[in-house]
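>>> Quick one: sequence and predicted model below, then my questions.
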Amino acid sequence: MKLKELKNRLNEKEKGCDFSLHRVSRFIQPSILLFLSKGPSYGYELIEKLKDLGFHEESIDIGAVYRTLRKLEKEGFVKSLWKTSGARRKRVYQITPHGKTLLRAWVKRIKERKLALESFIDFYQGGKL
């Protein structure tokens, strides 16, 4: 079996795993907050950054990204304004101080999950809990 074919088969199997890279929906909110903490951005650019973060393109629900942005704005974690460039208009988002607080909470939770996953792997490899 060729390497490319094997990789494709593994990717297909991974789609069914709840913890695979194909399950980007659980990381949309913290990822958006992370990107916006580095500077203002707009929807399409945020979607491209999700791809750059390592998520599979086909797993990114574009509608979920925009719904998350609207929800974050409604809850005061981001704010937006319309910018016009030629004939095009785009909504540009930026993180608020409350959004930075939420991002810190996400980072803390992700670190906790990372430790739990590392314990799982250590135990799998013959270690002790």
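Yep, that arrived.
>>> So for the lengthiest helix in the chain, what gets flagged as buried?
Longest helix in the chain by number of residues (criterion: DSSP state H): helix 97-124. Residues 99, 102-103, 106 are the ones in helix 97-124 that count as buried (16 or more other Cβ atoms under 10 Å). Where C-beta positions appear, they are placed from N, C-alpha and C, glycine not excepted.
>>> strands paired with whichever strand or helix holds S80, and their directions?
Using DSSP states H and E, S80 sits within strand 78-85. Each strand paired with strand 78-85, and its direction, by DSSP bridges: strand 88-95 (antiparallel).
>>> where in the chain is pLDDT low?
1-25, 55-58, 129 (pLDDT under 70).
>>> Pretty sure W106 sits against Q29.
Yes. Counting by Cβ atoms under 8 Å, W106 touches Q29, with 7.2 Å between them.
>>> Out of the buried residues of helix 97-124, flag the one nearest to L69.
Proximity of these to L69 was ranked by Cβ to Cβ; the top entry is G99 with 11.3 Å.
>>> related to what we said a few turns ago, can you lay out the buried residues of helix 97-124 as JSON lines showing distance to K71?
Converted to JSON lines, those look like this (distance: Cβ to Cβ, whole Å):
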{"residue": "G99", "distance to K71": "12"}
{"residue": "L102", "distance to K71": "12"}
{"residue": "L103", "distance to K71": "15"}
{"residue": "W106", "distance to K71": "14"}
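>>> Among these, which one lies nearest to W82?
Using Cβ to Cβ, those come closest to W82 at G99, 19.3 Å.
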